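>>> predicted model follows, preceded by the sequence.
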There are 4 protein chains.
Amino acid sequence: MELSQLLERIADEVAPLRGAGTVADYIPALARVDPGHFGIALADLDGGVHGVGDWETPFSMQSISKVFTLALVLARSDEALWRRVGREPSGSAFNSLVQLEHERGIPRNPFINAGALTVTDELISLVGDATGELLAFLRAESGNAALRVDEEVAASEAAHADRNLALTHFMASYGNMRNPVATVLDHYVRQCSIEMSCRDLALAGLFLAAHGVRRDGSQLVAHRQAKRINAIMLTCGTYDAAGDFAYRVGVPGKSGVGGGILSIVPGRCAIAVWSPGLDKRGNSVAGVAALDHFTTLTGWSVF
Amino acid sequence: MELSQLLERIADEVAPLRGAGTVADYIPALARVDPGHFGIALADLDGGVHGVGDWETPFSMQSISKVFTLALVLARSDEALWRRVGREPSGSAFNSLVQLEHERGIPRNPFINAGALTVTDELISLVGDATGELLAFLRAESGNAALRVDEEVAASEAAHADRNLALTHFMASYGNMRNPVATVLDHYVRQCSIEMSCRDLALAGLFLAAHGVRRDGSQLVAHRQAKRINAIMLTCGTYDAAGDFAYRVGVPGKSGVGGGILSIVPGRCAIAVWSPGLDKRGNSVAGVAALDHFTTLTGWSVF
Amino acid sequence: MELSQLLERIADEVAPLRGAGTVADYIPALARVDPGHFGIALADLDGGVHGVGDWETPFSMQSISKVFTLALVLARSDEALWRRVGREPSGSAFNSLVQLEHERGIPRNPFINAGALTVTDELISLVGDATGELLAFLRAESGNAALRVDEEVAASEAAHADRNLALTHFMASYGNMRNPVATVLDHYVRQCSIEMSCRDLALAGLFLAAHGVRRDGSQLVAHRQAKRINAIMLTCGTYDAAGDFAYRVGVPGKSGVGGGILSIVPGRCAIAVWSPGLDKRGNSVAGVAALDHFTTLTGWSVF
Amino acid sequence: MELSQLLERIADEVAPLRGAGTVADYIPALARVDPGHFGIALADLDGGVHGVGDWETPFSMQSISKVFTLALVLARSDEALWRRVGREPSGSAFNSLVQLEHERGIPRNPFINAGALTVTDELISLVGDATGELLAFLRAESGNAALRVDEEVAASEAAHADRNLALTHFMASYGNMRNPVATVLDHYVRQCSIEMSCRDLALAGLFLAAHGVRRDGSQLVAHRQAKRINAIMLTCGTYDAAGDFAYRVGVPGKSGVGGGILSIVPGRCAIAVWSPGLDKRGNSVAGVAALDHFTTLTGWSVF
């Protein structure tokens, strides 16, 4: 079966799930997205990119940005980050402060909010304009120079940031914050508010399938670091559903409350799916189902 | 034995404890206070005030301010506050976020930091200039028009406020904050940074011994509310040493990391002590010892 | 007003509360008690004992036993106990394991279940037959040789002891248990299952009002230790309502889920009340109200 | 490179790590094992089994038993188990009670102690003699009729079981235990105390590589369930090091404090390693290193 046929078939199979689940509604800009959207795109190591459905419609990538900021930090400072953030699953709600207090300001991993705030703080220290750096990278990899921060979403996120501000000040109280809390928060919400399509995301994530090598052939992160990021995606990439995602999909993935998921098949391809309806643990209902079909049909699940 | 003799005797007995313990050192302005200071003052219901030692030397009242802001809120809104803050001992470190998460943004009592921040927020909503209101009250009761915020201490507290900012944003994320976090914090640190002497404090706290009646004869809070504040002081007034304080002193008391303690003997008098050396739970070593002697010698302990 | 008149008046005032609240129903033997019971008894330092209502009807004393086992341990080993158990309020549900894990097997105070289990364990080590020792003491003080364990209640408690067994094994895993868990549990449930009337309880608790002196004039615990027990009763004696109890009643008290409360007015008297209907925090509705009236009418509240 | 050569090469590479780490010493029978042991065995889908080093020396399998009891339960009751235990990483120490209290007696996954105790309880309800059932299965798959419980280890584990007894009683207090606590504990410690060699273990675990099919061709668990078990092994199989294990080894694995690890390459083979020296998170130092080399050399890591 050809790839485009495969993607069509997956889209058909998950069609009944379009609109299932609940669209994130903690900010108005996300709440008014049509839950019926569905798109899937696949970028392979040969440079090809295929898609079906709404695969070229931009959406808010939200927490998927955490994968890219992590990679940009590891690209520059290698192992230094791990003194400030762990690499193990958290087992709590993604924004709990309890574990953070127990572990004296060291977040469990880079994909819970506390950890991602630390990563953003580190990236600011390394490059200054962390959001600019991220945008430049995403534009280069996706070949889409139009990528931008959705300023309305960013403003709305900033206006609902008390929990993240609590996390950041809390880490600062343990000495685990280098830059002013307001600066870190500003970059964090702007990074989450970047709009990308499935096509853009699949291309931007391809270096993780390519052992750390960018589309222009340069090495962004060492093979070892790409492996590391993939391992963290598999064990911590889908909030409190990592075990279920590993079972159903069986390859690394990182989801966002905008309804997107970026999944990596190391050595083969990157796949991005999007459908705004979320299950009760915050992952796209149709998106997880599509990835489940994909790895089952291709036999590329780990298990 | 006359009161002044009694106070002299207490001062003699605790003299060996002057300088014992550790001066609070998390901000420079507090760290450089001479640990050898000791003062004690007693204000009785007849309007007399007596003191020995450094009883007229101003010091940073810190958490003792929590008693007064609580009274000012209860004076204006009676029971409404208790929807936002509890009245039971906390059993945790005075600044823990764990309990706050477990109880969804409702602090255990008004004397842990989270609770006092809620009280300050409520006072801002009620009167606007919460710090101005507090200063006006303290000046009126102490008859000391010179009372003021130590701006150096306030600035230093504000620069070390990450833990309190985390608490405030955290409560805001549960909808338990009415005013901007920055505004609440600003008033909170300025209230804690007011300088008062033992003399000033004893006079200002006298209404709690007088069933809620101010020195000018007006009723600040109902008898019932004075009783309530005293009960909270006895069970929650000395951080994680409330049980020990109840045992040793046996009357309500509220301590601050500046080394001051305000104690109330309902129906009789208010006593303020000051000595900057703190025990490991944050209470003045010589101050607790002096109050212990006082209630033992007078037989005014509850027990 | 004479004492008997005072008690009559209190009984009249709380009559509308008879039957209010919920009878403890976790074991059948407690669940079938008539919620309409109410009794109150007062024992004074002159040896007199007065009562009204069902003051001579035996009921299950449950957690009130914790006061007596604590006193019996302190009578024999003075301060040694405090290496194994704290003396501060717990701020959590009375049977939570979280705090116990955080503090590595050391319970917060002797009146939460974990702490009382430690006290029982200590008493077994000191005297062997801990329940026999307790019964002998209670019989001697109350002058009631018929006091006994209600074996049906004890058997029922033992059959519903998983939470207490978990607490005891958990402390044992930290090395804070000297005797076999089954032995400690057996004594603990039998102690809780002793039946006493208000009259018996008031007489048995009188030593706490008498600075540690028993009815026969011998000293059970030092004055200092009686003060300590009273302080712990005031700050920790009524589960998660210690702050409210201190406010309303203003003297030390210890409640049990059988609906009894023992209260102490140091230097004056011991009062026992009983009414089986409990509020949502496990304290007798009519019992707390009666003690509230009592300290208000006598002016013996601390506050 | 042939398999035996591959295993030889791995054994050579990890030789310097023999004796590194710390042998489990909480019971004497484990503490006296020679830390210098190292063995590795591989069973492939064709029925072949290869090994080097101490691959035929029996050792205490400890927590590796959790994989097999889980499979035996799923074989009989399919999805029913998941009402009593979760399938997500725990993020806490493997024996913490905090999470268990937060989640009202439902353990996070079947590989933390609380979860495995639930699985054992379920297996007792399903088959009665849970340990006999497990032994029969292990003997059949390994072809080793001599497999047995090491009774000395079992007795020693039973004598140090306070933490596990606390967990079990705690779950019972939430209604999540069907059989008497003593019965469950007895089976649990006996299951952990079964002695197996790397050879035995690799053969016994082969069904997980074979999509649920036993060596005799019968289906033990559905393909779907084998996938599920493998996913739980990958995300929860190595205590608080699952993220690191996923990164380094990249295939499912379950470790035990006896120094063994069983790893599965779905569709290919089962590998068992043994070396008693543990890292600070309780996993065999030389064992993890050997598996790391193995998946690197074969290219069978997920990542």
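Received, thanks.
>>> for chain A, which element, helix or strand, carries the lowest mean pLDDT?
When the helices and strands of chain A are compared on mean pLDDT, DSSP states H and E, helix A:98-102 comes out lowest with a mean of 79.
>>> got a list of contacts for the next helix or strand after that helix?
Using DSSP states H and E, the helix or strand that follows helix A:98-102 towards the C-terminus is helix A:113-127. Residues outside helix A:113-127 that contact it (Cβ atoms under 8 Å, 6 or more residues apart in numbering or on different chains) are A:63, A:66, A:69-70, A:72-73, A:76-77, A:80-81, A:84-86, A:94-95, A:100, A:107-110, A:130, A:133-134, A:163-164, A:167-168, A:170-171, A:176-179, A:183-185, A:187-188, A:191. (Each C-beta comes from the backbone N, C-alpha and C, glycine too.)
>>> now do stretch A:18-38
A:11, A:14-15, A:53-54, A:57, A:59-60, A:150, A:152-153, A:156-157, A:159-160, A:257-259, A:273-279, A:282, A:284-286, A:290.
>>> those in helices, which ones?
Counting by DSSP state H, the contacts of stretch A:18-38 place A:11, A:14, A:152-153, A:156-157, A:159, A:285-286, A:290 in helices.
>>> residue contacts, A:Ser255?
A:63-64, A:237-239, A:261, A:282-284, A:287-288.
>>> okay, and for chain A, where does confidence drop off?
Chain A contains residues with pLDDT under 70 at A:1, A:92-95.
>>> grab the nearest non-local neighbour of the residue nearest the centre of it.
With distances taken as Cα atoms, centre = their mean, A:Ile64 lies nearest the centre of chain A, 1.5 Å away. Excluding the flanking residues, the one nearest A:Ile64 by Cβ to Cβ, 6 or more residues apart in numbering or on different chains is A:Gly256, at 4.4 Å.
>>> residue contacts, that neighbour?
A:60-65, A:192.
>>> so A:Val181 makes contact with A:His169?
Yes. Between A:Val181 and A:His169 there is a contact under Cβ atoms under 8 Å: 5.6 Å.
>>> can you give me the helices for chain A?
Under DSSP H, chain A gives helices at A:3-14, A:28-31, A:65-77, A:98-102, A:113-127, A:130-142, A:151-159, A:162-173, A:181-192, A:198-204, A:206-209, A:223-236, A:242-248, A:285-298.
>>> excluding chain neighbours, what is closest to the residue in the stretch 1-150 of chain A that chain D sits nearest to?
The nearest approach of the stretch 1-150 of chain A to chain D comes at A:Gly91, 2.6 Å away (Cβ to the nearest Cβ). With sequence-adjacent residues excluded and distances taken as Cβ to Cβ, 6+ apart, A:Gly91 is closest to D:Gly91, at 2.6 Å.
>>> just to revisit the earlier point, buried deepest among the helices of chain A, which one?
When you average the neighbours per residue for each of the helices of chain A (mean count of other Cβ atoms under 10 Å in any protein chain shown), helix A:198-204 leads with a mean of 29.
>>> which residues touch it?
Outside helix A:198-204, the residues that reach it (Cβ under 8 Å, 6+ apart) are A:39-43, A:49, A:51, A:54-56, A:58, A:61, A:64, A:68, A:137-138, A:141-144, A:147, A:196, A:215, A:260, A:262, A:269-274.
>>> for chain A, what lies in contact range of chain D?
With Cβ under 8 Å from any Cβ of the partner chain as the criterion, chain A meets chain D at residues A:86-92, A:99, A:108-109, A:226-228, A:230-232, A:234-236, A:240-244, A:246-247, A:250-252, A:266, A:301-303.
>>> next one: A:Leu201 from A:Ala31, what distance?
Between A:Leu201 and A:Ala31 the computed distance is 22 Å (Cβ to Cβ, to the nearest Å).
>>> any idea how far A:Leu72 is from A:Ala43?
Look at A:Ala43 and A:Leu72: by Cβ to Cβ, they are 19 Å apart.
>>> then A:Leu203?
Relative to A:Leu72, and taking Cβ to Cβ, A:Leu203 is found at 16 Å.
>>> kindly report the same for A:His293.
32 Å.
>>> so what's A:Lys101 up against?
That one is not Lys; residue A:101 is Glu. Neighbouring residues of A:Glu101 by Cβ under 8 Å, 6+ apart: A:170, B:96-98.
>>> and of the residues you listed, the nearest to chain C?
The closest of these to chain C turns out to be B:Val98 (Cβ to the nearest Cβ; 8.3 Å).
>>> point out the residues in chain A that sit beside chain B.
Residues of chain A lying near chain B (Cβ under 8 Å from any Cβ): A:96-98, A:101, A:162-163, A:165-170, A:172-173, A:177, A:181.
>>> kindly recompute the last result at 6 Å.
By the rule Cβ under 6 Å from any Cβ of the partner chain, the part of chain A lying against chain B is A:97-98, A:101, A:162-163, A:165-166, A:169-170, A:172-173.
>>> quick one on the thing from earlier: most widely separated two among the ones in helices among the contacts of stretch A:18-38?
Spatial extent of the ones in helices among the contacts of stretch A:18-38 (Cβ to Cβ) is set by the pair A:Ala11 and A:Ala159 at 35.9 Å.
>>> the residue nearest to A:Gly91 contacts A:Ser96, doesn't it?
No. Look at D:Gly91 against A:Ser96 with Cβ atoms under 6 Å: they stay out of range, at 9.6 Å.
>>> now chain A against chain C: closest residue?
Closest point on chain A to chain C, by Cβ to the nearest Cβ, is A:His102, at 8.6 Å.
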